[in-house]
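Chemist: have a look; sequence and predicted model below, questions after that.
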Amino acid sequence: MARNLLDRYGIVPQAVFPESYSSSNSGGLNSILTSRLREMALQLRDVTSGVGVMRARAIKEEFMAEIWKAMSVAVGVPPRPDEKFVWDYKDKDGKVKSWEGTPREFYKAFTSKQYPALEAFSLINDPRNEYNKLYTVEALGNVWGMRSIAYVNTESKRLKEAIVTCIKAGQPVFFGCDVGKFLDSPHGIMDLEVYDFKNSLSLNYTMSKAQRLRTGDSAMTHAMVISGVHLDKNGNPVRYRIENSWGDVNGDKGYYVMTDRWFDEYVFQVVVPRQLASRDLVKVLDGGNPVVLPAWDPMGALA
């Protein structure tokens with residue numbers, strides 16, 4: 001979904017559109033907006049039975065204007081994709097420079113030419129469904145008329161191999177996980193033994209990853225970036241360096257540590273450049289004809 005936003009709107013330096021409290025602490029805002037959107041959905045259901053389609057669409061536009069206003073107050077109005085801005089900065093040698101252009105032009109000028117973001121794709125680990133197949137989620141999208149979601153489902157070890165390849169190539173990796181499980185946020189630790197529920201509360205968790213997905217106990221709830229990986233003498237991942245977006249108070253100035261065992265259980269998605277992905281996985285992506293998961297499937301929780 002990020003590809004659609006990049007393609008349509010471009011990007012700007014953080015100095016041009018800085019973080020706000022709500023953008024760094026989005027849970028409260030998301031909760032408020034979700035409740036209001038559910039209320040709007042119920043109202044639209046009632047309306048559509050008594051008025052024509054055009055009137056219903058007009059009411060929907062009024063609702064979306066309300067959401068836009070709330071978002072603008074909370075996080076600010078983003079620059080328009082074709083609106084010029086000026087960015088003053090220092091280069092790697094400390095020299096002051098200035099750049100002028102639009103968000104779309106900035107995206108084209110400053111993003112990787114070797115690994116274009118628009119050519120990246122998602123690998124998922126969903127043990128409920130067949131591996132080496134392409135999946136999408138019904139009605140899931142964020143920009144009208146743009147690309148649909150496409151996931152290549154494969155084993156967890158294949159996700160790890162892709163991550164190691166990317167990190168060795170100097171490319172950080174976007175990933176989606178169930179962040180709240182076995183997380184010590186103040187210390188920035190994500191590990192299955194961070195809390196000993198068995199000995200402290202006599203609770204023993206035995207569900208598999210697939211069972212947790214089927215029962216709604218687990219889903220993708222948050223996205224972060226893997227910026228480093230520690231390998232053992234055999235080249236296998238032991239732990240990962242995680243850059244979070246919740247400010248610099250928790251962990252090591254906002255950086256967390258995720259163990260490999262935690263990865264197996266609670267990481268569901270990684271995004272990799274097709275140039276660095278295994279050819280057999282790229283072949284699945286290019287083969288098309290995705291299996292369509294229902295709109296409420298947990299694989300659509302993050303996108």
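Modeler: Great, that's in hand.

Chemist: any idea how many residues pack against residue 240?
Modeler: Neighbour count of residue 240, defined by other C-beta atoms under 10 Å: 26. Heads up, the C-betas are built off the backbone N, CA and C, glycines and all.

Chemist: can I take it that residue 268 is in a strand?
Modeler: Yes - under DSSP: H, G, I helix; E, B strand; the rest coil, residue 268 sits within a strand.

Chemist: excluding its backbone neighbours, what's nearest it?
Modeler: Excluding its sequence neighbours, the residue lying closest to residue 268 (C-beta to C-beta, 6 or more residues apart in numbering) is residue 220, at 4.9 Å.

Chemist: what secondary structure does the one you found sit in?
Modeler: Per three-state DSSP, residue 220 ends up coil.

Chemist: show me what contacts it?
Modeler: 176-178, 268-269, 298-299, 301-302 (C-beta atoms under 8 Å, 6 or more residues apart in numbering).

Chemist: how close does it get to residue 212?
Modeler: 12 Å (C-beta to C-beta, to the nearest Å).

Chemist: who touches stretch 158-165?
Modeler: By C-beta under 8 Å, 6+ apart, stretch 158-165 touches 123, 125, 173, 175, 226, 229, 231, 235, 237, 240, 260, 263, 267, 270, 272, 276-278, 281.

Chemist: of those residues, grab the buried ones for ChimeraX.
Modeler: The following ChimeraX line selects those of the contacts of stretch 158-165 that are buried, judged by 16 or more other C-beta atoms under 10 Å:
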select :123,125,173,175,226,229,237,240,260,263,267,270,272,276,277,278,281
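
Chemist: out of the contacts of stretch 158-165, which are inside strands?
Modeler: Counting by DSSP state E, the part of the contacts of stretch 158-165 found in strands is 123, 173, 175, 226, 229, 231, 237, 240, 267, 270, 272.

Chemist: farthest-separated two in these?
Modeler: Within the ones in strands among the contacts of stretch 158-165, 123 and 231 form the most distant pair, 19.4 Å apart (C-beta to C-beta).

Chemist: tell me where the stretch 1-150 of the chain has helices.
Modeler: 2-9, 21-24, 26-48, 53-75, 103-110 (DSSP state H, counting those that start in this stretch).

Chemist: which residues are contacting the third one?
Modeler: Counting by C-beta under 8 Å, 6+ apart, the neighbours of helix 26-48 from elsewhere in the structure are 22, 55-56, 59-60, 63, 66-67, 70-71, 74-75.

Chemist: report the buried residues of it.
Modeler: 26, 29, 40.

Chemist: distance check, the last one against residue 66.
Modeler: Residue 40 is 8 Å from residue 66, where distance means C-beta to C-beta.

Chemist: which residue packs closest to the residue most central in space within the chain, ignoring adjacent ones?
Modeler: For the chain, the residue nearest the mean C-alpha position is residue 223 (4.1 Å; C-alpha atoms, centre = their mean). The shortest distance from residue 223 to any non-neighbouring residue, by C-beta to C-beta, 6+ apart, is to residue 176 (5.0 Å).

Chemist: isn't the one you found right next to residue 222, touching?
Modeler: Yes - at 7.2 Å, residue 176 and residue 222 qualify as touching, with contact defined as C-beta atoms under 8 Å.

Chemist: now residue 15. Its backbone dihedrals?
Modeler: Note on residue 15: its backbone torsions stand at phi -60, psi -30 [degrees, to the nearest 10].

Chemist: that one and residue 90 touch, don't they?
Modeler: No - Residue 15 lies out of contact with residue 90 (C-beta under 8 Å); the separation is 11.3 Å.

Chemist: which of the residues in the one helix or strand residue 213 maps to are buried?
Modeler: If you go by DSSP states H and E, residue 213 is part of helix 209-215. By neighbour count on 16+ other C-beta under 10 Å, the buried set for helix 209-215 is 209, 212-213.

Chemist: rank the helices of the stretch 1-150 of the chain by pLDDT, which is bottom?
Modeler: Here those differ in mean pLDDT, and the lowest is helix 21-24 at a mean of 86.

Chemist: hmm, who's touching that one?
Modeler: By C-beta under 8 Å, 6+ apart, helix 21-24 touches 28-29, 74-75, 245-247.

Chemist: all good on my end, thank you.
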